Structure formats: C-alpha cells, structure tokens
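> quick one: sequence plus predicted model below, questions after.
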Amino acid sequence: MSDSNDQFSINRREIFKAGLAGALTSSGSLLAGTSNQEIFGKAKSCIFLWLGGGASQIDTFDPKRVGDLKKQPGSAYKSIETALTGIQLCEYLPRTARLMERCVLIRTLNHRVIDEHGIATNIVHTGHPTSETVVYPSIGSIVAHQLGAGSDHVPAYVLIGYPNNSRGPGFLGSRAGYVYLTDTKAGPAGLSTPMGLHADRKQRRDMLLNRMQTTGLAGQKGETALADYVTVARESQRLAGEDFGKIFHLETESVALRASYGGEFGQRCLLARRLVESGVRFVEVSHNLNFINGTGWDTHNDGQLRQHVLIQELDNAIAGLIEDLERRGQLDSTLIALGTEFGRPAEFDSGGGRGHQSTAFSVIMAGGGLRTGQVVGRTDELSKKILEEPVSVPDYHSTILAAMGISSRIELKAGDRPVPITEGGQAIRKLFI
Amino acid sequence: MLNLLNSGVRCSIYSLFISGLILKAALGMEPQSVTVPKKVSVRIFERLPEKWDEVTPNRGADEIYETPLMGFAGIPKKYNSQGAIIDRSAPFLMLSKFERAYPKGDYDLILRSRAKSILRIDGKKIAETKSITNNAGGHEEFPPLAIPSDKRLKAPETNSQERLIRWTSDGNRHEFELASVIGDKKTRPETGELAVYLIPKSINLSDTMPVMVGPEGAPAVVMTDSGWNKFRVNHEDQLTAIETQKRQIAYRSEDAYWQNRHAMARKLVGESLKDFANLTPAKLDRLIQGAFPSRKLAPLADDSSFVRRVYLDVVGQVPSPQEQLLFFNDPASDRRRKLISRLLDDPRRADAWMGYWQDLLAENPGILKPTLNNTGPFRYFLREAIGDNLPMDRMVTQLIRMEGSVLGGSAAGFSMASQNDSPMAAKAHIIAKAFLASELKCARCHDAPKHPYDQSDLFELAAMLAGKPVDVPKSSSVVIAPGARVPAISISLEPGDKILPRWSLSEISSEELPANVLPPNPSTRERMASLLTWAGNRRFAKVMVNRVWAVRTGRPFVDPIDDWDVKTQIRFPEALEALAADFMRNGYDLKRLDQLILNSHYYQALVVPDDSQDSLLGPARRRISAEQLIDSLFAIAGKTFDCEELCLDPEGRRPASEFINLGHPRYAWEMISPSNERDRPALGLPAATQITDLMQAFGWRSSRQDPLTIREEAVTPLQPGLLATGLVHTRIARLSDQSRFTEIALSSKSVEELADLTIRRVLSRSATAQEIVEAKDLFSAEFNDRIPEQSKLVELTPRSHRHRVSWSNHLRPLATEIQIEAEAAVRAGDPPTALLTNRFREAYEDWVWALLNCPDFLFLP
C-alpha cells in the first residue's frame, strides 16, 4: 500500500505552523536531532498500547515520594528498584522493572492543549491540533499508509478497542483505516465469520453469492465499478478466511504462555503479537478494562481505589509481550510503544483520586531495535515540571516513525496540500546511536 | 419501522389498540373508532422561577397545543418570527388537562416522571415526583431495577420516578391535570417518559394492563415497551406537524420581501436570457443532444429500473412491492410523470437530501463535550427548510443569518466551530465552496497558489459573517523553519492583522445591489447573503443547478463540482444555462428543478457506464450511498433501527453544552458517531454502532470537520466484509418474528410466489426464470413442511427490564458489564422466528443474504 514517490516529496521542505508547534511543544533541541542526518531503526511493526483516560505517571513510571491520598501530594504507592541503577518504578510494576534494560522510559512527554480527553486523545494520536481544513490521520494510519501490510492475508492496521475519529485515517482515506475488534473471541468487525454461523451455511452463502456476482450486472461490458466491487468482495472473503481467522485462536498457544501475559489486556497483547507476526504493521491495543475500577485510567475519585489492579495488568502484559517477543527473536523488529492522552497531578481530589495533567507525563517504549535501557527526561520532585529533555508529541511520533524506518521529513498530501508527516517533530536521537 | 403508508405519507393512526375484549372489560366500554376524539390541552409557561411555588402562573401561556393523551415524549420546538428554532427559557411548566368520566370503581393510577410533576384531580393534588437532580460525576450507583410483576410491562427508566395511587371513581366527570417542570440551567429540557397510566382494580382480569389516560375516544396505549415506542413515534409526528404549522406562519413575515425578490429576479432573467423561456424536459434533452450531434441519447431504461432509480434518488430508499404496484397501475403513457410528482411531495424527499447537505455544510455535532471542530446540530434546520421547500436563495439566507438556538438545531449551529481559532473563516470557506464553487481553503493560511484568492479575500468574508473586523489568528499562517527551503507560496497577511468586512468576490458578483434586494436594516450577514443569492449573481444559480444535476445523473455539467476557478470540464453548457435561468425565473424552487431533471429523457435513460468510450449519452453508474443503503435495508426487512437513543446522557441530567440528544433515529441521516475519544466501554452505543460502522464503510463520515461534495469512492474490503457479517447478517436477513421475509415465507403459496415476492422486495423487479430455478433448488424439499405444527412467537425480555447506562453511572464497574452484554446481544442479532422450521428458515435467510450482498443490490439501475 505504500505509494510511489510522486505522491510524496521527501525532504522537500519543512513547514510547520508556529502557533501550532507552540501548542505542541516543548521540543527539546538538546536531545532531538541536531544533525541533519536522519537515523532509522529496524522495526517492521508496532504495537501501540493505549491507556485511555490519562495514566497517572506518578503512580507508575515516574514515582515520587508517597502521598497520603488526601492533603499530602505524592505517589499513591511505594517505589521499587529496577534493572537500571538509580531508576525506580512503582511497586506494582515488578516484572517491567526487571526488564528495564529492554525499555526506554520517557518521563517528559507533554503537550499544552487543554486537559480534555477528546482533544488530548486526538492530539496524541494524530500529532496535530484539529483543523477545519483537513482531518489529520492517526499514527496507525500513517504507518499503514507508508508501509502497507506485510502480507496479503492481513490488513495493515488493526485496532483492538473502540473505533473513534482520532484513530482514523483522516485525509489519507479509508484504505489507510483500521479494522477493529472489541472482543478477541469475535474477531474484527467485517473480516470474520459471524459467531454461530455454521460452515455449511457459510459455504451455501458464498456459493449463492458467487453465482449472483457472475450472472448480474457485474459481468457486463463496461461495468467497471461493479467489476471492481466484485474483485474487492472476493479479496474481502479471502481476508475473512482461514489464514487471518486462525490468528485469533489464542487457545492454540500454551497455557503457560497465555498465563505469562496476564488478564484480558494481556490476552489482547498476545493477539497483537500474533497479528504483527502475520504481517500487520500497526496494532493499537486499548487498555479499557473499566469493569475493574469503573473509570479505567481516568482515576478521579474512587477510580483510584483499584488502580493498582490496572497497573498489575499492564505490568504482566508488557512483560509478557517483551519476554515472548524476545524468545521468538522478534523483539528487535517489533516496536512496543505506550500512549495515553495525558498524565495526572501529584495532588489528590476530594474523592482520593486525581485530576488531569498534560504538562508532564510518562510513556515507555521497548524493542524495535532501539538503544534501550535509557531514560529520557527528568521531572521535578512531584512530577509536575520538566527539568530536562522535554519530549513533544510530534517528537514522540517522529521517534516511532524513525524506529520503523519512516522519515519525519515526508510530506503527505491532503488533496493538493502538502502536510508534514509530523508537526516539526524530531526523533529522540540518543535512542538510535 | 418508518411508519409510512404505501403512498409514503406518514400515518398518524395509532396501531396499538389492545384487543377490544380487554378494553371493554377493563373500562366498561366499547373501543371507539377514532372519529374526532376530544383532546388533552397543553399549555407551556416559560420563565418559571428556579424554585417553583406549585402555582400556575397567572398570565398567558407561551404556547398552547393539544395532544390525544396525557403522555409526553417531547416538546414542540419554539421558533422566532422568521422560523428559526430558538431555545425556551428553562425551567418551564408544561400543564396538561382533560376531563373524563371513568366507570364507577377502584383504579390504580401510575405517574411516571423524571422530574418534578404534580398530578391533580379536580384541582386536588394526588401525587407528585421530585425535581430532577443534575449529575456531573458519573460515579452514581445504579438504583435497584423496578421490574413490574407483570413481566410484559415496561419498567420505568433508570432514575425515573414512579408513583402508584389508588383512586376510586364515582362514575362522574373529573378534571385530570398534570403539571410538569421541564429543564433548568443544568439539564436539557426533555420529558423522558412522562405519562399517567390507569388500571382498573375492581375487575379481576389477569390480562388487564395499564393504559395511558386521556379523554373519551383517546387511542389505547398500553404500558409496554412496544406500546411506548409506538406512542413515542406518533407523538413525535404530532409535534412535527405542530412545528410545521408554526413555521409556515412565521415565514409569512418575510413572504412579501421574497416575492418581490423573485419578481425582480424574473424580470432580470427575462430580459437577459430570453432564449431559455418555458423550459421543458424535452427542450432540456434537445439542448443536451445539441451539444453532441455525433452521439445519441441512450434508450430509456425499463420501467422497473426507472422505479428503483427514482425512488432511491428522490426518497432515498427502494420502492416497496406495493409502491411498485401503484406505479404499474397507472397508464404506461403517464406513469413516470405521475410517480415523479408523487415522490416530490413525499416527506421522505427531505430525508433523502440530508446526507448531501450535512457533508456540504460540514454539519458536525459532537455527542459529548464537543471539542473537535464541532458544530451545533443544524441538521434540523436543514431538514425543515428542505421539507418546507424553502426557495434555495431564502434557505441560504437563513443559513447565513445563523440565528436561533446553537445547540437546539437552528442555523445558528452552523456558526459554531469548537476549538477553532477563527470559526467565521471556516464558515466563509464552507459557504463559498458550497454556493459559489469557490475554493478558499488554501487562503486560510496563505494566498492560494492555484486559485485567484488571497488570504484577505477569505478573512474579509469572515468579517462579514462576524459583523465586525476579525483578527488573523496565529495558526492561520505558514512559518518557515530556520534553514528550511522557502515554500513557493506568498503570504499577504500577518497574524494579528485586523481585517474589515468586505465582499471580496466582486469578480464573481458585483458589490452593487439594486434597490430592494437587501432587507430593511441589513446586517453584514444579510448583505453577504444577498450578494451571494441575488439573481445578479448567476453563478449561485448555476452552482446549485450543477449540484442537483450531478446528484441525479452522476455526471456534472461542470467538473469539479465545487471548484470552478481551476481548469474545469464543461458538458452541455446550454443545458446548464437553461436550467439555471429557469431556476432563477421560478423562485429558486428546488422541487421544480428536480421535476425538470427527473422528467428528462437523459435522467431516465439507460446507464452509460463509460462515457468516454460510448457513442451514447446517458447517466453514470452510481453506487448506492450509505444512507440509501441503510434506509433501504430496514425498509426491505420491515424493521426499525431499534438502536439506543443517540445521547450519552439519556437521563437528561446534563446541559446541552455537554451532551446533545439526537433522539431516536428513523433515517440514516439522523445517526451520529458515538465516537467520543474516551475509550470507555460504558459510553458505547453498540446497536447504533453496528449501523454507523456499515455507513462509514460506504462513505458516510463519522466526523465532518471539512465540507465535502463527492464522498470517497474507493472500494475497500470492509464494504463487502461488513455487509456480509454485520447488520445484514444479524438483522436484515434474519427471519425474526418481525421480519417481512417471515411474513412472505408464511403467506406464499408456492416457491415461485416466494421467489417473486422476495426479488420484488429486494431488487424491485420480478424474478427471472433462472432465479426461480435457484429458489426451487434451495427450498422445494422444505417448502411444504416449512411451518412446524406447534409454533409461537418468541418471547423477548423488554429492554426496559435492564439497567440503562447514562453519564451519571457510567463510571460504575457495572456500567461496563451492562454494555459488554449489550454488545454481545447486538452481535447475536434478532432472535430467529419459531414460526418456520430451522432448515427452511436458514436456507431462505441464506438466499436473502446473498441477494442483499450481490453487487446488483448496491448500484442504482
């Protein structure tokens, strides 16, 4: 699905809107490419783990002194040491802590848009503020558009979670869109045989439809629109067939392996591994297990009470994924990247939970051939202010793209209009050299 | 589902009469045939104090109307003197009254209300409910489910209040009065299920169900889920009728002005375009033929193809078998013309236009806390203006005025652009593109390199819309990174520049207007509207004519349709001139324009798939639109959408600024994406999503941030994929008790009849010999034994017997569980009927499924 060069004009110009770049920074010239030479990683695919609601960095990846859940601000949990000397994580991330040499910890991701879920989710997915003249594509759609699927049997971009506009292809068009599923057992909407439809009925349907496709208008001279539709319909039938369908049969994996991934979110991550292994370029996995605490990662009020269960799920899923990919020799070719719309402040609300904070929050990356075992950025004593190495959302996008061999200097085309692939983002250089 | 008679006219007769026997036993009377029933009178008093003293205001009511029953599922919209929807001052009081003599005996009265209501008999308070409480948090616990002991009955909505009152009738007439407080500063003005029901206690009948109260002769509405749903649909139709009447009266205030405008236009066009007087479809065809003397008009498509094509085009769905019959019953010489007239008067005509206008004007309401360049839901303004057949110049003027309620559905909703730093620049871009085919998109940030527009042109129009100077925002510029190549564009404005209102498109239309074109005391918006729509600006008429022609034939006169300042291709220029002249001469009447086009030979000709290769002239092969697909599918199956109310706060406990309520959709254009970027399972609308997923695959946009004329036409695997495994599998081809196909299967006397009725229903033509053979292969063995000896209707648990998730409770873990269950139910689909054997049913379902998935179904004939 990648396009020929005439659709892109690589390295032609660097345009970005000053005001917008302002809204999306702070970009750190210290860490991002001061040299003009772009450096690329070797990842072939990306698993993007989305912590919807705004994961609290101070309770996970950027722990500080412990607060009292009331007046005294601070982390909600104790910290533990990690495989990296002097670097700590919260106590509910023990497995990830042991694997920190395989990870990159970014503690200074930030944006300056208002702390509202909708718009922040949009920014973190697209890397651009909204505009009325174009609708920007998501990072998943950009990757799908640039690289296409790695095999004929799978789509390029799969979403395990709810469809939304921020995850869509925007001006890139539906071919860069996702297929989605909300239930690992049911398979993706539109590309799986409905549950409960017996094989003989499926066969009868296909037989009847096949006949109608050939006897109807589609067979007549000049009816290219209908003929095209039939061609794609057959491609769709093939996609919905055995080869793709069997990826969803998690039960073929060993019990021990499945257990190593943990709960429902872990199982989604296992599915993500099976998808990328089969050629899917980009899998976004949503960690929206709101039946655990009601709020998911949006831990206002009593959402905080069972946040540690979410963190444990996340820990098992990340660790399970890293270990599994490493065992299979696929860790270098698979980038794991975390995303969330913002972080949360050190202070507690009246219900013992936390509000929103976009000025500094944390994500981790793993694998993808990056120089792992590094920490990017440092925040103040309550994880509020950035002291060193700020990373903007466009920088983060550039880093993901660079890891996958995609230049940040590419211009996409929205009709006639050139649109930079990121809003002036620069990959975090020390992760590549 | 759509509650339409065969003729397409909305039916307002209650279909839910409980059996005569029950009614007679319960109420001691014969069910009366509905002649002219007495009514419940309703009065609305606005400007109620926040703390109401329970006294009816001693002043005239703000609105008075009548309904047949003491039950409410909505409130009529309010309009200003020009017919624009405006907000009522909330809270307001809705006071309803009727008189009736109930037979002597004991009764239970049931009052259901989500907010403050007082029920009085003869002025004496007998029951009341509490005021509605606002909820912002989302952490509220679910109250216990109040499932009625009679499992057939509707449970009250979650967080609604129910009062049960024992009442003894002495057999005399009494006055029933219900006083309800609707809306306040923090909650939307909605009624929810607001009703009084009655059940006799003196008669020991197990089958007696509560019925809604009303005067003698009132239709019987039973307190069940389906009873309420049918009532709601009828109630909505009544409100729509009231609203239409109010708009017609409001329009009169400006009729004289518009009549004069149209007379001036007629005169102007009459002088300059004499050649095109008295345009007829035949003349139009001659002008088309004249443009290509070497090519011939393709022969007429056959009648069956014509009916399907014109139904999809004009009313947005395939014709029912009865509608096909009605057409064929007319004499062959005249039946096409008659059908076109009939369809142009069908209310569905306006529904069929909606998707196009929503795209064109970037109608983009957000379902939750709109922040992504969202507008208000001005869909309602569009639906009303098209339904009223407002002259196009007048409709565009209404749009540009942007008056009324921003979130309540008026054209003011067009003025909104959340998180956009120059909303009026965005609107100027949309208006110029839609009505002048002028592309000012690039001019937002720099002088357009390929178009004759500078940045100032756009911002001057923006200032006209703003009615004052506008600042060029920071983001509306291009900044060149240090060391980067300087782009080949020029930038004439600096961020922060103040731009004054000015008509910048004087090359298209002169800045001078003759006397009386402007309304008295014009605003800059009205001035802009006049400059744009006045007949001196022929481009407006041509752009509109070209749009309609392109929609109807798939082959525009001028291409690109919405960008005429680049190199365009023009076909049939004289036909375009003639149609535009006729349009201006006849009061910018969209229906008349449509009538000319639809009656032309060109429109009715066989499709010419490849225009460049063929020696024939005719319309293009067109794929069915997302809206046509959905509306046709449900009409074919005879099912209703039956999806969730399109609102994430169905309890009505938040203001419209955070949650709009788009109600219970009947047509595809009414849908909205539940997308809210929050990724919370509890905020899903699974049944609605199954519909919008399919729509999205077929080109409908879940977010309309920018204006669009031609939707994406690419074929993707998700189109056939979702059609095969989504809605069609779970509902449309599923033979449930409610399916029309079940009805066909039960009533057909032979396989031939079954095949023919099915093909007519799906493909709008009779079955071919080959199709009958195919059907015989499939069904002959099963057909005679298809009805099992013992069978009954499937019993369903009423939806009201489950908790309803709303914003107030969506952060409870239970909310997620409820929603995951609901998703699974949607995936499972409608329960199959037990009136047919499984073997037969499955074979028939598979055949129907294949017909609905075949490409012939998806393309207009």
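That came through, no problem.

> the residue nearest to residue B:728 when sequence neighbours are not counted: helix or strand, and which one exactly?
Once flanking residues are discounted, residue B:728 sits nearest to residue B:852: 5.1 Å by Cβ to Cβ, 6 or more residues apart in numbering or on different chains. For glycine as for every other residue, the C-beta is placed from the backbone atoms N, C-alpha and C. Assigned by DSSP states H and E, residue B:852 falls within helix B:838-853.

> and the next element down the chain from that helix?
helix B:855-858.

> packing partners for that following helix?
In this structure, helix B:855-858 makes packing contacts with helix A:224-239, helix B:751-763, judged by 3 or more Cβ pairs under 8 Å, 6 or more residues apart in numbering or on different chains; DSSP states H and E.

> go with 6 Å
Contact partners of helix B:855-858 among helices and strands, from 3 or more Cβ pairs under 6 Å, 6 or more residues apart in numbering or on different chains; DSSP states H and E: helix A:224-239.

> residues of the helix it packs on that come out buried?
Residues A:225, A:226, A:227, A:229, A:230, A:232, A:233, A:234, A:235, A:236, A:237, A:239 are the ones in helix A:224-239 that count as buried (16 or more other Cβ atoms under 10 Å in any protein chain shown).

> now do the helix holding residue B:852 against helix B:751-763, angle only.
On the basis of axes from the mean of the first three to the mean of the last three Cα atoms, to 10 degrees, helix B:838-853 is oriented at 40 degrees to helix B:751-763.

> just give me the neighbour total for the closest residue to chain A within the stretch 151-300 of chain B.
Closest residue of the stretch 151-300 of chain B to chain A, Cβ to the nearest Cβ: residue B:298 (12.1 Å). Residue B:298 has 19 neighbouring residues, counting by other Cβ atoms under 10 Å in any protein chain shown.

> distance check, the nearest residue to it once chain neighbours are set aside against residue A:42.
Closest residue to residue B:298 apart from its sequence neighbours, by Cβ to Cβ, 6+ apart: residue B:618 at 3.5 Å. Distance, residue B:618 to residue A:42, by Cβ to Cβ, to the nearest Å: 55 Å.

> settle it for me: which of the two has more neighbours?
Neighbour tally, residue B:618 and residue A:42, criterion other Cβ under 10 Å: the higher count belongs to residue B:618, 26 against 13.

> so that one sits against residue B:605, correct?
Yes. The pair residue B:618 / residue B:605 is scored as a contact, 3.9 Å apart, by Cβ atoms under 6 Å.

> quick check: neighbours shared by these two?
residue B:298 (Cβ atoms under 6 Å, 6 or more residues apart in numbering or on different chains).

> can you give me phi and psi for the residue nearest to residue A:291 when sequence neighbours are not counted?
Of all residues not flanking residue A:291 in the chain, residue B:816 sits nearest, at 4.1 Å (Cβ to Cβ, 6+ apart). Per-residue torsions, residue B:816: phi -60, psi -40 (degrees, to the nearest 10).

> ok, residue B:296 next?
phi -110, psi 150.

> any stretches of chain A with poor pLDDT?
A:1-36, A:114, A:132 (pLDDT under 70).

> can I get the CA coordinates of the longest helix anywhere in it in PDB?
Longest helix in chain A, counting residues (DSSP state H): helix A:307-327. Provided in PDB are the C-alpha atoms of helix A:307-327 (Å, rounded to 0.1, in the frame of the first residue of the first chain):
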ATOM      1  CA  GLN A 307      -5.900   1.500  40.000                       C
ATOM      2  CA  HIS A 308      -3.200  -0.900  41.200                       C
ATOM      3  CA  VAL A 309      -5.100  -3.800  39.600                       C
ATOM      4  CA  LEU A 310      -4.900  -1.900  36.300                       C
ATOM      5  CA  ILE A 311      -1.200  -1.400  36.800                       C
ATOM      6  CA  GLN A 312      -0.600  -5.000  37.600                       C
ATOM      7  CA  GLU A 313      -2.500  -6.000  34.400                       C
ATOM      8  CA  LEU A 314      -0.300  -3.600  32.500                       C
ATOM      9  CA  ASP A 315       2.800  -4.900  34.100                       C
ATOM     10  CA  ASN A 316       2.000  -8.500  33.100                       C
ATOM     11  CA  ALA A 317       1.000  -7.600  29.600                       C
ATOM     12  CA  ILE A 318       4.200  -5.500  28.900                       C
ATOM     13  CA  ALA A 319       6.500  -8.100  30.500                       C
ATOM     14  CA  GLY A 320       4.700 -11.000  28.800                       C
ATOM     15  CA  LEU A 321       5.000  -9.300  25.500                       C
ATOM     16  CA  ILE A 322       8.700  -8.400  25.800                       C
ATOM     17  CA  GLU A 323       9.600 -11.800  27.000                       C
ATOM     18  CA  ASP A 324       7.600 -13.600  24.400                       C
ATOM     19  CA  LEU A 325       8.900 -11.400  21.500                       C
ATOM     20  CA  GLU A 326      12.500 -11.800  22.800                       C
ATOM     21  CA  ARG A 327      12.100 -15.600  23.000                       C
END
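
> which strands or helices does that helix pack on?
Here helix A:307-327 touches helix A:94-98, helix A:264-277, going by 3+ Cβ pairs under 6 Å, 6+ apart.

> all strands of the stretch 251-400 of chain A, in order?
Using DSSP state E, counting those that start in this stretch, the strands of the stretch 251-400 of chain A run over A:282-286, A:334-339, A:361-367, A:374-376, A:378-379, A:386-388, A:391-392.

> ok, the stretch 201-350 of chain B next?
B:211-212, B:296-297.

> off-centre distance for the first one?
Its chain's C-alpha centre and that of strand B:211-212 lie 29 Å apart, by Cα atoms, centre = their mean, to the nearest Å.

> try stretch B:840-853
30 Å.

> that one - what's its average pLDDT?
For stretch B:840-853, mean pLDDT is 98.

> again with stretch B:471-486
72.

> tell me which residue lies nearest the centroid of chain B.
The centroid of chain B falls nearest to residue B:670 when counting by Cα atoms, centre = their mean (4.1 Å).

> count of residues packed around the spatially closest residue to that residue that is not a sequence neighbour?
Setting aside the residues directly before and after it, residue B:670 is nearest to residue B:662 in space (Cβ to Cβ, 6+ apart), at 6.3 Å. Neighbour count for residue B:662, taken as other Cβ under 10 Å: 18.

> residue B:662: helix or strand, and which one exactly?
Per DSSP H and E, there is no helix or strand for residue B:662.

> CA-only coordinates of stretch B:45-63 in CSV, if you can.
What follows is stretch B:45-63, C-alpha atoms only, in CSV (Å, rounded to 0.1, in the frame of the first residue of the first chain):
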residue,chain,number,x,y,z
PHE,B,45,-45.4,28.6,30.7
GLU,B,46,-41.8,29.7,30.3
ARG,B,47,-39.7,31.8,32.7
LEU,B,48,-40.6,29.7,35.7
PRO,B,49,-38.6,30.6,38.8
GLU,B,50,-35.9,28.1,39.7
LYS,B,51,-37.9,27.3,42.8
TRP,B,52,-41.4,26.9,41.7
ASP,B,53,-44.2,27.5,44.2
GLU,B,54,-46.5,25.0,42.5
VAL,B,55,-48.9,27.8,41.4
THR,B,56,-49.8,28.0,37.8
PRO,B,57,-48.6,31.4,36.6
ASN,B,58,-51.3,33.9,36.3
ARG,B,59,-50.5,35.0,32.7
GLY,B,60,-51.0,33.9,29.2
ALA,B,61,-49.3,30.7,28.2
ASP,B,62,-46.3,30.9,25.9
GLU,B,63,-47.6,28.0,23.8
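
> flag every buried residue along it.
B:45, B:46, B:48, B:52, B:57, B:61, B:62, B:63.

> quick check: closest non-adjacent residue to residue 238.
Reading this off chain A. That would be residue A:153: by Cβ to Cβ, 6+ apart, it lies 7.5 Å from residue A:238.

> wrong chain, I was asking about chain B
Closest to residue B:238 by Cβ to Cβ, 6+ apart is residue B:67, at 6.3 Å.

> can you give me the strands in the stretch 601-750 of chain B?
Using DSSP E, counting those that start in this stretch, strands in the stretch 601-750 of chain B cover B:616-617.
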